[in-house]
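**Q** Test case, fold it:
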Amino acid sequence: MKPIKVFYVFFSLILAHGAMAQAPQGINYQGVARSADGQPLASKEISIRIGILDGSANGAVEYEEIHEVKTNPFGLFTLVIGQGEPGSGLFQYVNWTSGKKWLQVGMDEYGGRNFILMGSQQLMSVPYALYAERAGNGYQAGQGIAINNNMITNLGDGDKDATNELITGMSFGPDNKLRITDAGGTREADLSGLVGASQDLGNVLLQGNDAGASTIANLGAPVNASDAATKLYVDGLDASDGDKSATNEIQVLGKTGNSISLSAGGGSVTLNDDSPTNELQTLSTQSVDADTRALSLSNGNTINVDVRDADASAVNEAQTLTKTGATVSLTPVGGAGGGSFVINDDSNTNEAQSISRTGANVTLAPANGAGGGTFSINDADADPSNELQNLSQVLSRGSDAGGSRIANLADPTSGQEAATKNYVDTQDAILSAKISTTYAFKATFDYENLSGGVLNDQAMPFVSEDFDDFNVLGPVSFVAAEDGTYVFVVEGSYNTTVINGSLSLLYNSVKFPITIVMPFTTIQPRFSGTFMFKLTAGQSVSLVGDNIPASARFNGKFFGFKL
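**A** A predicted model of the protein is given here:
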């Protein structure tokens, strides 16, 4: 955890001015770069970002540039505003006449582009030469010209000179201003109000669809039916036909006998068979020969059908199934097959039995002289519920389960319910995890008072960690990950002989002092302390110094763990 450094830049502006025909486009600038402890950044390559803001410290950026400079042994660097690497805007177009200007400075001590804002300061004196140059190029109308709200109007010419109105220069800058230079000087017209304006063809046609005999050139070839057609596309339609007739290529298809022809020299073909019936054939039952088992097709061929039968009879293999009394018979075929068998029991009622109750006796009637019987359901009383028992009554007879299990229990939800194996195993895993999670840590803290005055309530920053496997340490404090009792040990040294300064452990808004174990008269006083706090998840503990004199330094080790 590296301490954050703050860099200070002290600067001065040196504005050069004098009687010159044209103002130099630049402002001398000097600054001193220092580190957080006030030491100059000596002989170091740094990057400086310069911005000129309009109206206030948070105003619009009129101009911005970047300089890469190297400091001298005293941290001093020099640059010229207006001659750096441009970022936005042009320096010569900064309007020094439009009101207050602010200078904004940013710095990257490593020479990169990660600038830290050093601050903004109002330019109390406008660079006079630049102001004068802008004043000399203000909106002033020459002879025959009027300027009103950035509108330049030619009112005529009062002389016979055909060259003194010639425009010698014209530019349009990034600030969206049009500048025109002629013999009378340079005029500006602010066109920023037109930036971003655009018109599509629909907007243009609303103003009128008369093309004034102009042509629309460089069109692409049409693809969709509503696309504008080009001359090349239209001319190509005529090029595919040698005449203007829309019908002279039409032909007629005809048939005479078995000949098909196409008019206009299209030729003809002859069909090999033009009869719709000469291939028809007939298949019927009369086409089958029962003796030879031959199947014939008219105007076709004959095949033999193998039916795997020694005769031509369709019924002589049929058999009949009958039942007489308890005998079931199947007729034979040609003296073969068939037969019969006797059902041992053909009655659908002789196995039926009845059950009855007389008093306390229940009787089952016999079947065919076998089976049946009687048993008594006699109870000493007529109460159907006095034999029901609850678990308490059962346990009063004894609590020995004899090695049996109580199965299919739900996990308990209240303190008096029986626990299941699943519940016990789960809680055991949670407890084991808590026992193994000590949230132990050890870190080094180091702080020196470089403010120049006495400090109070100063948190000691952790500059390195020996171990912190559970990520319970922040930049300046320990944060409890879960409820529990925690032990903290602090030891270290105090590098001052001044009888002043104290170190405490801050917990729950209360400071617990850490004992200085050596007198302040020694060269290196030392301190140590052991504390035990009961924390809830999210509570923090930190090291805090009070009454710390300038240049005094605390450093040591901070160790802790959960019981």
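**Q** Tell me the spacing between the nearest residue in space to residue 496 that is not next to it in sequence and residue 329.
**A** Spatially, and ignoring its direct neighbours in sequence, residue 496 is nearest to residue 552 (4.3 Å; C-beta to C-beta, 6 or more residues apart in numbering). In short, each C-beta sits where N, CA and C put it, glycine included. Here the distance between residue 552 and residue 329 works out to 126 Å (C-beta to C-beta, to the nearest Å).
**Q** what about the two, which has more around it?
**A** More crowded of residue 552 and residue 329, by other C-beta atoms under 10 Å: residue 552, with 20 against 14.
**Q** residues in contact with that one?
**A** Contacts here follow C-beta atoms under 8 Å, 6 or more residues apart in numbering; on that basis residue 552 touches 448-449, 494-496, 498, 500-501.
**Q** And those residues, which of them are buried?
**A** Neighbour-count burial (16 or more other C-beta atoms under 10 Å) applied to the contacts of residue 552 gives 449, 494, 496, 501.
**Q** Which residue in these has the weakest pLDDT?
**A** Lowest pLDDT of those: residue 496, 70.
**Q** That one reaches residue 553, doesn't it?
**A** Yes - the pair residue 496 and residue 553 passes the contact test of C-beta atoms under 8 Å, sitting 7.3 Å apart.
**Q** quick one: residue 561 from residue 543, how far?
**A** Residue 561 is 17 Å from residue 543, by C-beta to C-beta.
**Q** Mind checking which of those two has more residues around it?
**A** A direct count of neighbours by other C-beta under 10 Å for residue 561 and residue 543 places residue 543 higher, at 26 against 14.
**Q** Surely that one is within a strand?
**A** Yes - according to DSSP: H, G, I helix; E, B strand; the rest coil, residue 543 belongs to a strand.
**Q** Who is it paired with across the strands?
**A** According to DSSP bridges, the residues that bridge with residue 543 are residue 505.
**Q** how about it, what does it touch?
**A** Neighbouring residues of residue 543 by C-beta under 8 Å, 6+ apart: 445, 459-460, 476, 490, 503-506, 554, 558.
**Q** where along the stretch 251-400 of the chain do the strands fall?
**A** With DSSP state E, counting those that start in this stretch, the ranges of strands along the stretch 251-400 of the chain come out as 253-256, 259-262, 267-270, 288-289, 294-296, 302-304, 321-324, 327-330, 339-342, 355-358, 361-364, 373-376.
**Q** Including mean pLDDT and distance to residue 515, could the ones you listed go into JSON lines?
**A** As requested, the strands of the stretch 251-400 of the chain are exported to JSON lines (pLDDT from 0 to 100; distance: least, C-beta to C-beta, whole Å):
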{"stretch": "strand 253-256", "mean pLDDT": "88", "distance to residue 515": "120"}
{"stretch": "strand 259-262", "mean pLDDT": "88", "distance to residue 515": "121"}
{"stretch": "strand 267-270", "mean pLDDT": "89", "distance to residue 515": "122"}
{"stretch": "strand 288-289", "mean pLDDT": "64", "distance to residue 515": "126"}
{"stretch": "strand 294-296", "mean pLDDT": "75", "distance to residue 515": "123"}
{"stretch": "strand 302-304", "mean pLDDT": "78", "distance to residue 515": "121"}
{"stretch": "strand 321-324", "mean pLDDT": "91", "distance to residue 515": "115"}
{"stretch": "strand 327-330", "mean pLDDT": "90", "distance to residue 515": "114"}
{"stretch": "strand 339-342", "mean pLDDT": "89", "distance to residue 515": "113"}
{"stretch": "strand 355-358", "mean pLDDT": "90", "distance to residue 515": "95"}
{"stretch": "strand 361-364", "mean pLDDT": "89", "distance to residue 515": "93"}
{"stretch": "strand 373-376", "mean pLDDT": "86", "distance to residue 515": "92"}
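**Q** Mind putting the ones you listed into CSV with distance to residue 74?
**A** Formatted as CSV, the strands of the stretch 251-400 of the chain follow (distance: least, C-beta to C-beta, whole Å):
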stretch, distance to residue 74
strand 253-256, 107
strand 259-262, 106
strand 267-270, 107
strand 288-289, 128
strand 294-296, 124
strand 302-304, 121
strand 321-324, 128
strand 327-330, 129
strand 339-342, 129
strand 355-358, 121
strand 361-364, 121
strand 373-376, 121
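**Q** mind listing what residue 273 touches?
**A** 258, 279.
**Q** measure it to residue 258 for me?
**A** In terms of C-beta to C-beta, residue 273 sits 8 Å off from residue 258.
**Q** Which residue ranges of the protein form helices?
**A** Along the chain, counting by DSSP state H, helices occupy 128-136, 201-206, 231-239, 391-396, 421-436.
**Q** From the structure, what's the count of residues near the closest residue in space to residue 169 that isn't next to it in sequence?
**A** In this structure, residue 169 finds its nearest non-sequential neighbour in residue 181, 3.8 Å apart by C-beta to C-beta, 6+ apart. The local packing of residue 181 (other C-beta under 10 Å) involves 14 other residues.
**Q** Bridged to residue 181, which residues?
**A** Beta-bridge partners, per DSSP bridges, of residue 181: residue 169, residue 186.
**Q** quick one on the thing from earlier: go through the buried ones among the contacts of residue 552 and name the one nearest residue 528.
**A** residue 494 (11.4 Å; C-beta to C-beta).
**Q** residue contacts, the closest one?
**A** 501, 503, 516, 524-527, 552-554.
**Q** Now with 6 Å, please.
**A** 525, 554 (C-beta atoms under 6 Å, 6 or more residues apart in numbering).
**Q** how near is it to residue 455?
**A** 14 Å.
**Q** got it, and residue 376?
**A** 101 Å.
**Q** And those two? Which one has more around it.
**A** Just comparing residue 376 and residue 455: by other C-beta under 10 Å the higher neighbour count belongs to residue 455, 18 against 9.
**Q** From residue 403, how far off is the more buried one?
**A** Separation of residue 455 from residue 403 (C-beta to C-beta) stands at 74 Å.
**Q** sorry, back to before: quick one: the residue nearest to residue 169 and residue 171 touch, right?
**A** No - taking contacts as C-beta atoms under 6 Å, residue 181 lies outside contact range of residue 171: 8.4 Å.
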